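Novice: Provide a 3D model corresponding to the input given below.
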Amino acid sequence: MTLSFKSTLAGAAALLLASAASASAQTYNLTLCGASPGGLWSLLGAGIDAAVKTSYPGSTVTYQTSGGGLANVGLLDKGTCDLAIIHDAEAKLALGGKAPFKAPIDSMATIAQLYTWAPMQAIVSADYAKEHNLTTLEDIAAQKLPIRIALNRRGNVVSSVGESMLNAIGASAEEIDSWGGDVQFAASGEQGDLMRDRRIDMILNSLFVNHSSIRELASAIDVKLLPITEETAQKVVDEWDIKSFTIPNAAYDWTDEDILTVTVSAQLFVRADADEQMVHDIAKALTDNAGQLQSVHKAMAPLDVELMAGAKTVPYHAAAKKIYEDAGY
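Specialist: Model (predicted):
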């Protein structure tokens, strides 16, 4: 009787040890679709890889360059990648089947929100603002100003968000052109040069607060940051399912007020039909090792589990949702 009991205990212990060993031996070889090499998304890819490796030694999350979030919707839908970083505004277009998508795409599921602090910043030459008494974005339409504005390159969703902001104030590209101004499209890296060379009067782009490109521009010429009204913000928020955002006055030493604007967010997605155990394990690795993502860049310092759990545009995968519910979110 005693021998049988001891044997049962030994057998149970062996099963537990085997189960633990099996869990610790789990490895993943996944592909993450991001954007260009060297940018923040590539750094986030490295952070995600490090987080998964920490929880599942021997695993690899390989960062794959792509055309960005819009391209990643299609790549994830086709199963080309296991994970993908996509902006909320891009996911909104995909869900609605709006251009560049030909039909609705609903194969995505959220695994984690990565950041919400890439606000649209209207940075105008201080000389131009003073000459035209330009204090808010709405003044452009109110005064029908002949202003030259640079948005991000076409095909980048923040360019479309910028156009929506201009449309919301009654200053479409066509109207600005009729007033003697111009709306141009240029990559983020080119916009500072355009402003410094006085070829444009304003940049309207999604940038992290106090981004190095803004500091460099402000050190070369005097600039001003334009707010939008709550009414304008709400129009754009409703159109894109994004968030309003307040840039604090303390963020820059050349502002004199808090600046209301809107912001795009980025999420990490999987396919909605992705393996539940894999999604569970990746979400758990991210929540257990959030510091790996925070450490990739100082801009990621605010990331925490609560923020990971806060995405709204696309429902969470059930396995990821369970992780956040267990964590109290």
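Novice: contacts, neighbours, all on C-alpha from now
Specialist: Fine.
Novice: In the chain, spot the strand with the most residues.
Specialist: strand 108-125 (DSSP state E).
Novice: Would you mind extracting the C-alpha trace of the one helix or strand Ile149 maps to into CSV?
Specialist: With secondary structure defined by DSSP states H and E, Ile149 is part of strand 148-151. Extracted in CSV, the C-alpha atoms of strand 148-151 (Å, rounded to 0.1, in the frame of the first residue of the first chain):
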residue,chain,number,x,y,z
ARG,A,148,2.9,75.7,-48.8
ILE,A,149,2.4,72.5,-46.8
ALA,A,150,4.4,69.2,-46.8
LEU,A,151,2.5,66.0,-46.0
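Novice: That one pairs with which strands, and in what direction?
Specialist: Strand pairing for strand 148-151, using DSSP bridges, gives strand 182-185 (parallel), strand 202-206 (parallel).
Novice: Doesn't Leu93 lie inside a strand?
Specialist: No: counting by DSSP: H, G, I helix; E, B strand; the rest coil, Leu93 falls outside a strand, being helix.
Novice: dump the residue contacts of it.
Specialist: Neighbour list for Leu93: Ala99, Phe101 [criterion: C-alpha atoms under 8 Å, 6 or more residues apart in numbering].
Novice: Which residue, other than its chain neighbours, is closest to Leu260?
Specialist: Closest residue to Leu260 apart from its sequence neighbours, by C-alpha to C-alpha, 6 or more residues apart in numbering: Thr246 at 4.5 Å.
Novice: That neighbour and Glu257 touch, don't they?
Specialist: No: taking contacts as C-alpha atoms under 8 Å, Thr246 lies outside contact range of Glu257: 10.2 Å.
Novice: and Arg154, what is it in contact with?
Specialist: Arg154 makes contact with Ser160, Phe185, Ala186, according to C-alpha under 8 Å, 6+ apart.
Novice: picking up where we left off before, out of the strands paired with strand 148-151, the one nearest Asp88 is which?
Specialist: Proximity of those to Asp88 was assessed by C-alpha to C-alpha; the nearest stretch is strand 202-206, lying at 13.1 Å.
Novice: which residues pair with the residue lying closest to Met308 once chain neighbours are set aside across the strands?
Specialist: Spatial nearest neighbour of Met308, excluding adjacent residues (C-alpha to C-alpha, 6+ apart): Gln113 at 4.2 Å. Beta-bridge partners recorded for Gln113 (DSSP bridges): Gln267.
Novice: Identify the residues contacting Gln113.
Specialist: By C-alpha under 8 Å, 6+ apart, the contact list for Gln113 reads Ser265, Ala266, Gln267, Leu268, Leu307, Met308, Ala309, Gly310, Ala311.
Novice: any idea how far Gln26 is from the second one?
Specialist: So the one you mean is Ala266. Here Ala266 is placed at a distance of 28 Å from Gln26 (C-alpha to C-alpha, to the nearest Å).
Novice: higher neighbour count, the two?
Specialist: Between Ala266 and Gln26, Ala266 has the larger neighbour count (other C-alpha atoms under 10 Å), namely 22 against 14.
Novice: Identify the residues contacting the more buried one.
Specialist: Listed by C-alpha under 8 Å, 6+ apart, the contact set of Ala266 reads Ile85, Ile86, His87, Asp88, Gln113, Leu114, Tyr115, Thr116.
Novice: Am I right that the first one sits in a strand?
Specialist: Read it as Ile85. Yes: Ile85: assigned to a strand according to three-state DSSP.
Novice: low pLDDT regions in the stretch 151-300 of the chain?
Specialist: Under the criterion pLDDT under 70, no range of the stretch 151-300 of the chain is flagged.
Novice: Where do the strands of it begin and end?
Specialist: Secondary structure of the stretch 151-300 of the chain (DSSP state E, counting those that start in this stretch): strands located at 182-185, 202-206, 223-226, 243-247, 259-271.
Novice: will you turn these into a markdown table that also has distance to Thr287?
Specialist: Shown next, in a markdown table, are the strands of the stretch 151-300 of the chain (distance: least, C-alpha to C-alpha, whole Å):
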| stretch | distance to Thr287 |
| --- | --- |
| strand 182-185 | 38 |
| strand 202-206 | 27 |
| strand 223-226 | 36 |
| strand 243-247 | 23 |
| strand 259-271 | 13 |
